[in-house]
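need a 3D model of the following:
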Amino acid sequence: MEFVSVNNNATHHNRRSPINSLVSDGKRLGDMLFPVSYISPLEGYLSSAEFDSVLLLAGISNADVIGVDAKITGLQFEKVLQISAERYQYDYPLSLFIGKRFNIAIHGILGLAILASASIGEAIVLGKQYIHLVMPAVVIDTHLEKNQMTINLKPNVALRWGENVLIEVSMCVLKSFLEQCQTAIPIEEVSFSHQCSSKLEDYQTHFSCPVVFGNDKNQMTVKFNEADYQRPMKQSDVHTANLLIEQLKLQDQSQLKSKPWLAKTEAYCQKNIFRIAAVSKQEVADDLHITTRTLTRKLLKEGCSFQSIVDALIQQSASHFLINTDLGTQQIADRLGFSSQKVFSRTFKRVSGLSPTVYRRQTPPKGDAGGSQSTGQKVW
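Below you'll find the predicted structure:
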C-alpha cells in the first residue's frame, strides 16, 4: 500500500538525534511518574542481562518494574531512553519499536479501566480525566466535527526534553487505545510538528495511513462521529471498570498531597462551584495573596494550569446535572455561571468531547456526582 505525504519537508537525520537532544528539567521531571509500560518493550531487543544493566544504570531495581501499576520517575524514564538509544543498532525508529510492543493492559490502573469500559465513549472520558496519571508530560485535546475526530498532542509546557520521542511514543499509545474497540476505528492521518529522523515508510506502515512531518501540530485524525461513542470495547466489564475507577480516585488523591497550589486553587474553585465559569485567575491569586504570574508558575511546576482545573470542575459539575437531574441546558448554564446556553454547550463539548444533549442521552445515571479530577472530593 502506498501513501502520499503532503507538506513533508523532512530530511532523514541521524536516527538518534531526538534522543541525544534530551535536556532535563530535573526538578519538574523528577516529580513525574511514568508507567513501566513505556520501557517494558525495550526487552524486545535487549537481553535480560542488558535490560537489567540499563535499569541499574537508571537507578531502577527489578522490583520497581513489577506490578500492574509499577511506575518510574521522569528522570529514570529519560535515563532509560538515553542508554537504550545508545545501544539501539537498528534502522527502525526506536519510538515505533516501543509502540509496536506497547501493552495498554500494563499502562497503570487507567489502562485496565479503559479496557474494561463499556464503550469507547466512556473510555475517552475516563482517559481525558485521568490521563495525567499515565502521560504526565503530554497534554491531549480532542475535537469532533461531522465524521472526523482530531486528537492533538503537545508536550507539557513545564518540560523541555525529548519532545520528539515522547510525542511519537504517545501517538503509538493512542493507536493502541483505538485498537481496544471491538470494531475498527480507522486512522486517516498522523502528523508531527518535528522533522522525520528515520524512514517515512516505517511510520506509514505502523499507523497504516499517511504520515506527515513538519506540520504545525502533532495530530491524529480518525474517522469518527457521535454515534461511534457507543462502540463497545473488546474486554468490556462495567463492574471491574467501576472498581478500577475508585482506585484511580485514590491514586489521584495520593498524588495531590505533593501539589499544594493545585489543592489550594481547586479548593477555592470548589467553594465557588455555582459560578465556576466566571471564576478568574486574578481572584484566585488575590485570595492566595500572590500574583497571577506566581500562581501560573506554581501550578505549572505541579504539572497543571488554572484553566485545566476549571475545565475539570466544569465537566464534573455539568455531568452531574446532565446525568442525575432533569435540568435543561439553560438552567445548568445559569447554575454554573455561564453567560449563555450557547457558551456552556460549546465549553462542555470542548472539555468532554460530546454536546450536553448527546452526553445526557448516552450516559446512564450513576446516582453520585463522583469526585473532582484531582482530589476525589464530592462537589455536592
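
quick one: residues contacting the residue nearest the centre of the chain.
Nearest to the geometric centre of the chain sits Ile131, at 3.7 Å (Cα atoms, centre = their mean). Ile131 is in contact with Leu110, Val138, Ile140, counting by Cβ atoms under 8 Å, 6 or more residues apart in numbering. Just so you know, the C-beta spots here come from the backbone N, C-alpha and C atoms, and that holds for glycine as well.

which of the residues you listed lies closest to Pro155?
The closest of the contacts of Ile131 to Pro155 turns out to be Val138 (Cβ to Cβ; 6.2 Å).

report the separation between the nearest residue to that closest one once chain neighbours are set aside and Thr73.
Leaving aside its chain neighbours, Val138 sits nearest to Ser170 (5.0 Å; criterion: Cβ to Cβ, 6 or more residues apart in numbering). Applying Cβ to Cβ, to the nearest Å, the value for Ser170 to Thr73 is 18 Å.

who's more crowded, these two?
Comparing Ser170 with Thr73 by other Cβ atoms under 10 Å, the one with more neighbours is Ser170, at 23 against 18.

quick one: the strands in this structure?
All strands of the chain, identified by DSSP state E, fall at 33-35, 71-73, 138-145, 148-155, 187-191, 211-212, 218-223.

the fourth one pairs with which strands, parallel or anti?
Here the strand partners of strand 148-155, with direction, are listed using DSSP bridges: strand 138-145 (antiparallel), strand 218-223 (antiparallel).

do the same with the shortest one
Using DSSP bridges, strand 211-212 pairs in its sheet with strand 187-191 (parallel).

now the partner strand, how far from the centre of its chain.
With Cα atoms, centre = their mean, to the nearest Å as the basis, strand 187-191 stands 18 Å off its chain's centre.

tabulate the CA atom coordinates of it in CSV.
In CSV, the C-alpha atoms belonging to strand 187-191 read as follows (Å, rounded to 0.1, in the frame of the first residue of the first chain):
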residue,chain,number,x,y,z
ILE,A,187,-6.9,6.4,11.4
GLU,A,188,-7.0,8.7,8.4
GLU,A,189,-3.7,10.7,9.0
VAL,A,190,-1.0,11.2,11.6
SER,A,191,1.1,14.4,11.6
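
give me the outermost residue of the chain relative to its centroid.
Distance from the C-alpha centroid of the chain peaks at Ala49, with 32.6 Å (Cα atoms, centre = their mean).

where does the prediction get shaky in the chain?
1-31, 68, 105-106, 156-162, 254-258, 364-380 (pLDDT under 70).

break it down into its structural domains.
17-230, 259-362 (automatic domain parsing).

between these, which one is nearest to Ser236?
Once the domains of the chain are compared by Cβ to Cβ, domain 17-230 is nearest, at 5.3 Å.

now His107: closest residue in space that isn't a chain neighbour?
Ser37 (4.5 Å).

touching, the one you found and Asn103? I think so.
Yes. Counting by Cβ atoms under 8 Å, Ser37 does reach Asn103; the two are 6.0 Å apart.
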